[in-house]
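Q: the following comprises the amino acid sequence and a computationally predicted model.
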Amino acid sequence: MSFVVPAFAVVPVTAASQFLAQQPGNGDNGGQGEDFGKSSPVGFLILILFLIAVALLVRSMTKHLKRLPESFDEPAASEASADEASEKAVADAPAEPAAKAKKSD
């Protein structure tokens, strides 16, 4: 299959191809002019702002990582039963002194 350009589009296509296919040497030098590689004060300010933002993000991330538990594994069954026993002892503890006070009266 061949590509056929209509007659009314030939002139704009050839003019555009001449414009797009210009050879270097028209003063552009491919972007490597007198100021090539030099930074502006605005660029330096933006770089400093990015570095400050990265430092704050790292600081925040380390704070959040310190709050994480060492392991996300569920505790073993023996640890769970020991925790339940200690919770029961704490719940029963306030009732015992009140019972002793009634006996002494």
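A: Yes, it's here. Numbering: from 1, shown residues only.
Q: where does pLDDT dip in the protein?
A: The chain contains residues with pLDDT under 70 at 1-3, 5-31, 76-86, 88-105.
Q: buried ones in the longest helix along the chain, by neighbour count?
A: Identified as the longest helix of the chain according to DSSP state H is helix 41-66. Neighbour-count burial for helix 41-66, counted by 16 or more other C-beta atoms under 10 Å, picks out no residue. C-beta here means a position set from N, CA and C on the backbone, and glycine is covered the same way.
Q: same for it, what does it pack against?
A: Using 3 or more C-beta pairs under 8 Å, 6 or more residues apart in numbering; DSSP states H and E as the contact test, no helix or strand touches helix 41-66.
Q: number of nearby residues for Arg67?
A: Per other C-beta atoms under 10 Å, the neighbour tally for Arg67 reads 6.
Q: which ones are touching it?
A: Neighbour list for Arg67: empty [criterion: C-beta atoms under 8 Å, 6 or more residues apart in numbering].
Q: pull stretch 50-61 out as CSV, backbone CA atoms only.
A: What follows is stretch 50-61, C-alpha atoms only, in CSV (Å, rounded to 0.1, in the frame of the first residue of the first chain):
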residue,chain,number,x,y,z
PHE,A,50,14.5,20.4,46.8
LEU,A,51,17.4,19.4,49.2
ILE,A,52,15.6,20.9,52.2
ALA,A,53,12.4,19.0,51.2
VAL,A,54,14.3,15.7,50.9
ALA,A,55,15.9,16.3,54.3
LEU,A,56,12.5,16.9,55.9
LEU,A,57,11.0,13.8,54.3
VAL,A,58,13.9,11.6,55.5
ARG,A,59,13.5,13.0,59.0
SER,A,60,9.8,12.3,59.0
MET,A,61,10.3,8.8,57.5
